[in-house]
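just need the structure, nothing else, for what follows:
(one chain, ligands or ions: 1)
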Amino acid sequence: MKNRPLWERVRFALCGVKEACRRERSFRTQGVIAMLVVAGFLVLRVSLIWFAIAIMAIALVLATELTNAALEAMIDRLHPERHPEIRAAKDMAAGSVLLAGVAAVVVGLLMLISTYSTW
Ligand SMILES: Nc1ncnc2c1ncn2[C@@H]1O[C@H](COP(=O)(O)OP(=O)(O)OP(=O)(O)O)[C@@H](O)[C@H]1O
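Sure thing, here's the model as predicted:
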């Protein structure tokens, strides 16, 4: 099963993104917000470097959300019963999404300050 061709691994990865879109409302919401933010940046014609930083921040949020969803799905399948360690694992995974989200908001604010203020 290891060392499959690149195109096949890309197909698996795209299936994962599609699956997250299908079952995770928070992933869909973040995807819509990401598209709106990118459209806003194109309209505002922010500098390419800020655009690149913003894309990285957005990708980090979506990637952590995907990992969080993957972890939740696996845990719920392997151990459906409640357990304090599962609570801790899920809370930590959710914490990674929160951190990435806060960082993305800070990046957006810094971009606005840097573009529109004399500070
Ligand atoms: N099996 C479990 N044992 C103990 N606590 C759990 C368990 N499952 C969930 N929890 C607690 O409930 C919280 C929410 O879990 P859940 O799986 O519903 O995640 P969610 O972030 O609400 O998922 P979704 O993104 O699908 O809405 C977890 O962060 C954790 O604190």
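
CA atoms for contacts and neighbours, from now on please.
Fine.

what parts of the chain come near the ligand?
Proximity of the chain to the ligand (CA under 6 Å from any ligand atom) is limited to residues 24, 72, 80-84, 86-87, 90-91.

just the buried members of these?
Among the residues of the chain next to the ligand, the ones that count as buried by 16 or more other CA atoms under 10 Å are 72, 86, 90.

how about the last one, nearest residue that isn't a chain neighbour?
In this case it means Lys90. Glu72 (6.7 Å; CA to CA, 6 or more residues apart in numbering).

that neighbour reaches Met92, doesn't it?
No: Glu72 is not in contact with Met92 according to CA atoms under 8 Å; the separation is 11.2 Å.

still on that earlier bit, reformat the buried ones among the residues of the chain next to the ligand as JSON lines; add pLDDT.
Below are these laid out as JSON lines (pLDDT from 0 to 100):
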{"residue": "Glu72", "pLDDT": "97"}
{"residue": "Ile86", "pLDDT": "97"}
{"residue": "Lys90", "pLDDT": "98"}
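
dump the residues you listed to TSV, plus distance to Leu109.
What follows is those, written out as TSV (distance: CA to CA, whole Å):
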residue	distance to Leu109
Glu72	31
Ile86	35
Lys90	29
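
just the ones in strands from the residues you listed, please.
Among these, the subset assigned to strands under DSSP state E is empty.

from those residues, which is closest to Arg4?
Glu72 (26.1 Å; CA to CA).
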